[in-house]
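**Student:** need a 3D model of the following:
(one chain, ligands or ions: 1)
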Amino acid sequence: MLEFPEYAKQYPPGWQNIIDRLVAKLDAIDFDITVLQAKSKFASLRFYTRIKGTKHYEDYIWKVVDKFVAEAEAESTVTCEVCGAKAELREINYFMVTLCDEHLKERLKNA
Ligand SMILES: [Zn+2]
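**Tutor:** Below is the predicted model of the structure:
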């Protein structure tokens with residue numbers, strides 16, 4: 001079973017679909033997994049978990065979880081963090097963001 005407490009949900013709204021798919025995959029694994037934090041760092045998803053009953057990162061279950069998380073993180077680097085459309089990594093005033101063309105324009109207007 002997957003636990004994903006509200007306080008751990010710190011990711012931008014455009015990545016909701018990525019998170020939903022990741023959560024479905026993790027939920028299908030028959031292990032007690034708790035999401036500690038899901039957030040954006042350097043414009044890509046970071047997804048930290050704890051797996052009950054396992055301490056060793058080399059355990060098979062960690063490899064499975066890492067694979068799913070890595071796929072979601074890779075997807076987040078090409079997904080607009082505002083709307084979920086196809087996006088690119090951009091730099092605005094030395095700050096990295098993943099935005100579609102439309103939201104890049106909007107962000108630059110307000111920069
Ligand atoms: Zn967008």
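**Student:** need the nearest residue in space to the residue nearest to the spatial centre of the chain, chain neighbours excluded.
**Tutor:** Centroid-nearest residue in the chain, with CA atoms, centre = their mean: L45, separated by 3.4 Å. Among residues not flanking L45 along the chain, S76 sits closest, at 3.7 Å (CB to CB, 6 or more residues apart in numbering). Just so you know, the C-beta spots here come from the backbone N, C-alpha and C atoms, and that holds for glycine as well.
**Student:** now do the one you found, the pLDDT please.
**Tutor:** Looking at S76, its pLDDT reads 98.
**Student:** quick one: it from D59, how far?
**Tutor:** Separation of S76 from D59 (CB to CB, to the nearest Å) stands at 25 Å.
**Student:** correct me, but the residue nearest to L45 touches S44?
**Tutor:** Yes. The pair S76 / S44 is scored as a contact, 5.0 Å apart, by CB atoms under 8 Å.
**Student:** the two: who's more crowded?
**Tutor:** Set side by side, S76 and S44 show unequal neighbour counts under other CB atoms under 10 Å, the larger going to S76 at 25 against 19.
**Student:** quick one: contacts for that one?
**Tutor:** Going by CB atoms under 8 Å, 6 or more residues apart in numbering, S76 touches 15, 18, 40, 44-45, 98.
**Student:** just put those in CSV and tack on pLDDT and secondary structure.
**Tutor:** As requested, the contacts of S76 are exported to CSV (pLDDT from 0 to 100; DSSP: H, G, I helix; E, B strand; the rest coil):
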residue, pLDDT, secondary structure
W15, 98, helix
I18, 98, helix
S40, 96, strand
S44, 95, strand
L45, 98, strand
T98, 96, strand
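**Student:** just those now: which is nearest the ion?
**Tutor:** Lowest distance from the ion to the contacts of S76 (CB to the ion) belongs to T98, with 9.1 Å.
**Student:** show me what the closest one bridges to in the sheet.
**Tutor:** Taking DSSP bridges as the rule, T98 bridges to L89.
**Student:** hmm, it is touching A43, no?
**Tutor:** Yes. Using CB under 8 Å, T98 makes contact with A43 at a distance of 4.6 Å.
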